[in-house]
Structure formats: C-alpha cells, structure tokens
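In: Here is my input, please return the structure:
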Amino acid sequence: MNVTFQQDDLNAVIRQHSEWLAAQLHNQRESLFPPDATKQMRRFTSGEAAALLGVNDSYLRKLHLEGKGPSPETTAGNRRLYSAGDVQALRVLLEKTARRPGDYLPGRREGDHLQIVAVMNFKGGSGKTTSSAHLAQRLALTGYRVLGIDLDPQASFTALHGVQPEFDLRDGGTLYDAIRYEDPLPIRDVIRPTYIPNLDLVPGNLDLMDFEHDTPRALARNEAGLFFFRVREALAQVDADYDVVVIDCPPQLGFLTMSALSAATGVLVTIHPEMLDVMSMSQFLRMTADLMDVIAESGADMSHDWIRYLLTRYEPTDAPQNRIVAFLRTMYGEKVLNATMLKSTAISDAGLTKQTLYEVERSAFTRSTYDRAMESLNAVNDEIAQLIQRTWGRTPDPRKGS
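Out: Below is the predicted model of the structure:
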C-alpha cells in the first residue's frame, strides 16, 4: 500500500499559526484587561510605601495624621494603601526638608550625564527581559525618571507593560520610526507613558527587524553614515527628560545591538550559571569585542562607565551552579554583581499574566516565596542604582539602597 503525505506550505502554516496564537493572546489580554480598561499599578501597603521612601512606617502615619501629603486609601481594617502616584508625591514633599539633596529624589543634578543601560545576551533564557523590566520599574518606583526601550523584535518587555505589539502597534510606534534612514520621526512621537509614575516606554515589535535589513542596503549606497550613532542621536533629543534609560537589547549581535552599545554608558550582561550558557557567553563576548573594535575604528567612543555581569535564575542549592558562580567570581571579580537574581516560581508565575513581581499582590503567593524573590530583585536593582550614583560622583545612602 502506498502512503502519500500532503506537503505543507511552510510559509502558509507559519502565518496561520502566528495569527491563531496572536488572536488567542489578544483574547487572553481582554479577559484580564477589558478593552475599556487600562493596566494599573497595584497599591502599596504603608510598610511597602515606607520602604520605597526609605522612612519608617510611623513617620508616614504621622504625616497622614497631620494632613501632609496625599491622603492614602484606608481599608475597613484601617490599613493605609498608597498608590504609586502617592509615593511619588510624598517624595517631592520629603525632598523639600531632606537633610541632603537627593535623599528622596535621587536622579540627575546639574552636570550629571544621562545613564543609558544596555541589558544584553544573545542566548535565550538568560533572564534578559525579566531583568530589564524589573530594573526599569524599581528605578522608577524609587524616584528616578526612567525611559524603557524595547529593542527586541520579540517585544516581551513591551507586553509586560500592557502593550500587545500585534494589535496596539499596527501603524508603527517603535524605536525603528525614530532611527530609520528615511524620514525618521522625533523620538518623542514614539514615547508613551506607562501606568507607573516616572516610567515611560518605547515599545517594540517586528518593525525593528527592518533596521537590520535597511542598514546593509544603506551602507551599500553610502547612505547609512555612522549607523551605530542612530540610537544615541535619537536619545539626545530627550536627554534632559530622564535620569536613566534601560534598553532591552535583541538576543543577537546585529545592527540594533551595535547601535545600542554605542549609545550605552553602562552594560549589564545576564548570565544563567549553567555550563552551556557560560560557553555561549564566551562566544558572545568574543564577538562583541570584535564588533566594538570595528565600531571604534570608525570613530565611535566605545568606553563605558561600567560593565557588570548579573547571575540570573540562580539556585543556591544547585552544586554545579555554585561551582560556576565561584568560577565566574574568581575570574571577573567585582565585575560580577554581588546580588543574584534567584530562580523563583513567583517571578515566573507573575509573568504568566504579563506582570512583574512589583505589580502582583503579595497575597498571590506564599509569604516566604514572595519575600525571597522580592529581596533578590531589590538587591540586584539597588546595587545597579548604587553604580549609577557612583558614576555621578555621589556616595549612595546605604539606608535607601540607592
């Protein structure tokens, strides 16, 4: 008996599967966030708000009783709940009587340069997007003016912030529009506010791949100029508006990544401490160094204020991982952040609903799981904030973590 197999049209199958998946994701988002609703940041308990501000809960209660600052929501159990906007308003109030400038508003002062942090690795599963999103949100919640840029065509950073690329960006609206070679838009045209005070977003989608395709053609026509300056030149338009820019780079060493590296003042490389990942990182670092040499020879200043390696999805009870961590710390010393991002079901479960751990309620997890993950995230992000402070020539207040 002869059996014949029907051949699939690969392009048609992939397109159909893409459309099915996009439709299901859209339906899921509408079930979580109806069309007439916008994603909102949860409210913080008085203890959480006090921790974000670096003060005692009793001091917040005193301000509330004296009628100073915003009035928090009070529950039936007389618990005070503060919105992210309330926390920011309290920052402004407390800064007026701070014992030293920057105690509550830790951002740039006159003479400080914009910090542009490129978060990168070209191996999937390294925690790059998770690290980028939590860093951007933590910096914003602790008083920095932050711009998050999704430079990854897969756009997970974008989705985490309530924008679904397939449906919300049909007419553009990514950084590609501001760095393209023909009729680029002002970057302000593609910046959108988020539901978190102090955090703005430049979303991403597959349009970003056009830059990878356009650049070789522009180079062949001698029209690309110094293509690797395009991200830097776009950001120069909004230099005064932000303290920190966090760029979630694509997982490849293409033209987008090279342009992001040329703009960056700090580089954060995520590493999952498994042997295959470390071997991959070796090739990644070699290729990055070679590309940076080429760019430097073309006239770019490829010096950076800092470069750090962040250990992600780390399991302290895993003996092989511990050996790799010890190896990396011995080899790279202080270039490896002291804090690590622990592997946690709390972080991954939050991602299932397109949220970061900062957005979900503590009650959604067991207390120990939530607290362990939150402590890990805060330690990582506050250590990076300390790097930023030192870059600006300031000694961070250890009580505030930034």
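
In: and the gap between residue 347 and residue 160?
Out: 12 Å (CB to CB, to the nearest Å). Using the backbone N, CA and C atoms, a C-beta is placed for each residue, glycine as well.

In: low-scoring stretches of the stretch 51-200 of the chain, by residue?
Out: In the predicted model of the stretch 51-200 of the chain, residues 123-124 satisfy pLDDT under 70.

In: still on that earlier bit, what residues do residue 347 and residue 160 have in common as contacts?
Out: Common contact partners of residue 347 and residue 160 (CB atoms under 8 Å, 6 or more residues apart in numbering): residue 356.

In: what's whichever helix or strand residue 322 is part of packed up against?
Out: Secondary structure from DSSP states H and E places residue 322 in helix 319-332. Other helices and strands packing on helix 319-332, by 3 or more CB pairs under 8 Å, 6 or more residues apart in numbering; DSSP states H and E, are helix 275-297, strand 306-311.

In: tell me the mean pLDDT for the last one?
Out: Per-residue pLDDT values over strand 306-311 give a mean of 93.

In: Quick one: residues in contact with that strand.
Out: Strand 306-311 has contacts (CB under 8 Å, 6+ apart) with 127, 131, 265-273, 325, 328, 332, 335-337, 340-341, 380, 384, 387, 391.

In: and residue 86, how many residues sit next to it?
Out: For residue 86, the neighbour count with other CB atoms under 10 Å is 20.

In: Flag every buried residue along the host helix or strand of it.
Out: In this assignment (DSSP H and E), residue 86 forms part of helix 84-95. Neighbour counts over helix 84-95 (16 or more other CB atoms under 10 Å) mark 84, 86-88, 90-91, 94 as buried.

In: sec struct for the nearest residue to residue 101 once chain neighbours are set aside, please.
Out: Once flanking residues are discounted, residue 101 sits nearest to residue 109: 7.0 Å by CB to CB, 6 or more residues apart in numbering. Following DSSP: H, G, I helix; E, B strand; the rest coil, we place residue 109 in the coil state.

In: quick one, phi/psi of the nearest residue to residue 179 once chain neighbours are set aside?
Out: Using CB to CB, 6+ apart and skipping the chain neighbours, the partner closest in space to residue 179 is residue 230 (4.1 Å). Main-chain dihedrals, residue 230, degrees, to the nearest 10: phi -70, psi -40.

In: Surely residue 254 is in contact with residue 214?
Out: No: checked against CB atoms under 8 Å, the pair residue 254 and residue 214 is beyond contact range at 11.7 Å.

In: What residues does the spatially most central residue of the chain make contact with?
Out: Residue closest to the average C-alpha location in the chain (CA atoms, centre = their mean): residue 132, at 2.5 Å. The neighbourhood of residue 132, defined by CB under 8 Å, 6+ apart, consists of 119, 148, 157, 246-248.

In: on that earlier part again, identify each buried residue in whatever helix or strand comes next after the helix holding residue 322, please.
Out: Toward the C-terminus, helix 319-332 is succeeded by helix 345-352 as the next helix or strand (DSSP H and E). For helix 345-352, the neighbour count (16+ other CB under 10 Å) marks 346-347, 349-351 as buried.

In: Equivalent analysis for stretch 238-246, please.
Out: 238, 242-246.

In: I'd like the residues you listed written out as JSON lines, with distance to residue 372 and pLDDT added.
Out: Formatted as JSON lines, the buried residues of stretch 238-246 follow (distance: CB to CB, whole Å; pLDDT from 0 to 100):
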{"residue": "238", "distance to residue 372": "37", "pLDDT": "98"}
{"residue": "242", "distance to residue 372": "32", "pLDDT": "98"}
{"residue": "243", "distance to residue 372": "29", "pLDDT": "98"}
{"residue": "244", "distance to residue 372": "26", "pLDDT": "98"}
{"residue": "245", "distance to residue 372": "30", "pLDDT": "98"}
{"residue": "246", "distance to residue 372": "24", "pLDDT": "98"}
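
In: Which members of those residues are positioned in strands?
Out: 244-246 (DSSP state E).

In: Adding distance to residue 296, write those out as JSON lines.
Out: Formatted as JSON lines, those follow (distance: CB to CB, whole Å):
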{"residue": "244", "distance to residue 296": "25"}
{"residue": "245", "distance to residue 296": "22"}
{"residue": "246", "distance to residue 296": "24"}
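
In: if we take those residues, which one ends up nearest to residue 152?
Out: Residue 152 lies nearest to residue 246 out of those, by CB to CB, at 12.4 Å.

In: if I look at the closest residue in space to the closest one that isn't next to it in sequence, how far off is residue 111?
Out: Using CB to CB, 6+ apart and skipping the chain neighbours, the partner closest in space to residue 246 is residue 136 (4.3 Å). Distance of residue 136 to residue 111, given as CB to CB: 24 Å.

In: out of these two, which sits in the more crowded spot?
Out: Higher neighbour count among residue 136 and residue 111: residue 136, with 33 against 7, using other CB under 10 Å.

In: Provide a list of residues in contact with residue 272.
Out: So residue 272 contacts 123, 125-127, 311-313 (CB under 8 Å, 6+ apart).

In: next one: residue 340
Out: By CB under 8 Å, 6+ apart, the neighbours of residue 340 are 310-312, 314, 325, 376, 380.

In: now do residue 241
Out: 145, 147.

In: which one of the contacts of residue 340 is nearest residue 170?
Out: For the contacts of residue 340, the nearest to residue 170 is residue 312 (33.0 Å; CB to CB).

In: Nearest residue to that closest one in space, please, no chain neighbours.
Out: Residue 312 sits nearest to residue 127 (CB to CB, 6+ apart), 3.3 Å away.

In: Figure out the helix or strand that the nearest residue in space to residue 150 that is not next to it in sequence lives in.
Out: Nearest non-adjacent residue to residue 150, counting by CB to CB, 6+ apart: residue 204, 3.3 Å away. Using DSSP H and E, residue 204 maps to neither a helix nor a strand.

In: pLDDT value on residue 204, please?
Out: Residue 204 is assigned a predicted lDDT (pLDDT) of 95.

In: Equivalent analysis for the one 10 residues further on, please.
Out: The pLDDT attached to residue 214 in the predicted structure is 92.
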